[in-house]
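**Q** Could you look at this predicted model? Sequence included:
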Amino acid sequence: MSETNYKKQKRARITLEALFQRADTTLIIHYSCESFYDWNRKSSPRITSVAVRRLDSGQTNSFSIHQVAERKSGLEDIDSNYDRLERQMLQEFYDFVDRHKECRWLHWNMRDLNYGFSALEHRFRVLGGEPTVIADNQKFDMARILIDIYGVGYTGHPRMPTLLEKNHITPLNFMTGAEEAAAFEAKNYVALHQSTLRKVDVIANIAGRAHDRNLKTNTRWWDLHGGSVKGLIDWINANPVWVLVVSVAGVVGLIVSIVAFRH
């Protein structure tokens, strides 16, 4: 028997609550890379920047091509030294990962070799490094958590930009995937880095609103409370006090109506 929407919501709420209860060891991650759309090269897309934000304090660590280049060889030599600079950047990132083995990692759609933790690992191995692998049970996808709570139609596509608009979250320095690809082609690595930094802030903002239950979505009350008769029954069983309150209020309202009618 398939799991009801309410049970998915309950499980996702528990997961989100656990992340916020241990916010001091929860890290939000996002990264930017060379476009993986219409890819016609044999090599994997290059990584341009990685940002990691602490959920509790907002303190952010960032790793980027242009930062390494500025320290090592100068910004004008990025193209001719990209592999070396990228490896150094990823080495610094994985040194950070190694120092935070106990942490949980909250991300947005970083699920596969196309775009995800495995893509970062693969790219570092291609460049001769050996990544510290983050266990799957330490990874939490905010995009999937939102779908489990609010349903697949909770916002339009692409989901992150439309959710920002609906919740009036300022998209300062935020770029879409297509805009990031264009920025890479234009060698605008600073803008890519700024977008990556903004996105970890955005993910934290969205997660906080979902946790506080004030995130604005397109989800209807019916869908949010089960979406089916069985789901509604699950919600009623899990919230007997509210059912009792509503029932008592209904009886009181009926008595008041009868008294008023007689007078």
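**A** Cool, got the structure.

**Q** what about the helices in the protein?
**A** Remark: helices assigned in the chain by DSSP state H are 5-21, 65-72, 82-99, 117-126, 142-150, 159-166, 177-185, 189-212, 221-224, 229-238, 240-262.

**Q** I'd like those helices laid out as TSV, including mean pLDDT and mean neighbour count.
**A** (Each C-beta comes from the backbone N, C-alpha and C, glycine too.) Formatted as TSV, the helices of the chain follow (pLDDT from 0 to 100; neighbours: other CB atoms under 10 Å):
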stretch	mean pLDDT	mean neighbour count
helix 5-21	95	17
helix 65-72	91	18
helix 82-99	97	18
helix 117-126	98	19
helix 142-150	97	20
helix 159-166	96	18
helix 177-185	87	17
helix 189-212	97	20
helix 221-224	82	14
helix 229-238	58	15
helix 240-262	60	10
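
**Q** how many neighbours does residue 135 have?
**A** Applying other CB atoms under 10 Å, we find 9 residues neighbouring residue 135.

**Q** how close does it get to residue 72?
**A** For residue 135, the distance to residue 72 equals 32 Å [CB to CB, to the nearest Å].

**Q** Also residue 80?
**A** Counting by CB to CB, the gap from residue 80 to residue 72 is 12 Å.

**Q** for residue 85, same thing?
**A** 7 Å.

**Q** next one: residue 213
**A** For residue 213 relative to residue 72 (CB to CB), the value is 47 Å.

**Q** what do you get for residue 100?
**A** Going from residue 100 to residue 72 by CB to CB gives 25 Å.

**Q** and residue 152, what does it touch?
**A** Residues counted as contacts of residue 152 (CB atoms under 8 Å, 6 or more residues apart in numbering): none.

**Q** and if you look at the one 3 residues further on?
**A** With contacts taken as CB under 8 Å, 6+ apart, residue 155 has the following neighbours: 162-163, 166, 217-218.

**Q** closest to residue 201 among these?
**A** residue 163 (13.7 Å; CB to CB).

**Q** can I get the helices of the chain in JSON lines with distance to residue 50?
**A** Below are these laid out as JSON lines (distance: least, CB to CB, whole Å):
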{"stretch": "helix 5-21", "distance to residue 50": "20"}
{"stretch": "helix 65-72", "distance to residue 50": "10"}
{"stretch": "helix 82-99", "distance to residue 50": "5"}
{"stretch": "helix 117-126", "distance to residue 50": "7"}
{"stretch": "helix 142-150", "distance to residue 50": "17"}
{"stretch": "helix 159-166", "distance to residue 50": "18"}
{"stretch": "helix 177-185", "distance to residue 50": "13"}
{"stretch": "helix 189-212", "distance to residue 50": "7"}
{"stretch": "helix 221-224", "distance to residue 50": "34"}
{"stretch": "helix 229-238", "distance to residue 50": "39"}
{"stretch": "helix 240-262", "distance to residue 50": "44"}
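
**Q** so which of the ones you listed comes closest to residue 29?
**A** helix 189-212 (6.9 Å).

**Q** so how far is the closest one from its chain's centroid?
**A** 8 Å (CA atoms, centre = their mean, to the nearest Å).

**Q** relative to helix 159-166, how tilted is that helix?
**A** 70 degrees (axes from the mean of the first three to the mean of the last three CA atoms, to 10 degrees).

**Q** For helix 189-212, C-alpha coordinates in CSV please.
**A** The C-alpha trace of helix 189-212 is given here as CSV (Å, rounded to 0.1, in the frame of the first residue of the first chain):
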residue,chain,number,x,y,z
TYR,A,189,33.8,33.8,-12.1
VAL,A,190,33.2,36.4,-9.5
ALA,A,191,29.5,36.6,-10.5
LEU,A,192,29.3,32.8,-10.3
HIS,A,193,30.7,32.8,-6.8
GLN,A,194,28.3,35.5,-5.7
SER,A,195,25.4,33.5,-7.0
THR,A,196,26.6,30.4,-5.2
LEU,A,197,26.9,32.4,-2.0
ARG,A,198,23.4,33.8,-2.4
LYS,A,199,21.9,30.4,-3.0
VAL,A,200,23.1,28.9,0.3
ASP,A,201,21.5,32.0,1.9
VAL,A,202,18.3,31.3,0.0
ILE,A,203,18.2,27.6,0.9
ALA,A,204,18.6,28.6,4.6
ASN,A,205,15.8,31.2,4.3
ILE,A,206,13.4,28.7,2.6
ALA,A,207,14.3,26.0,5.1
GLY,A,208,13.7,28.4,8.0
ARG,A,209,10.3,29.4,6.7
ALA,A,210,9.3,25.8,6.1
HIS,A,211,10.4,24.9,9.6
ASP,A,212,8.4,27.8,11.1
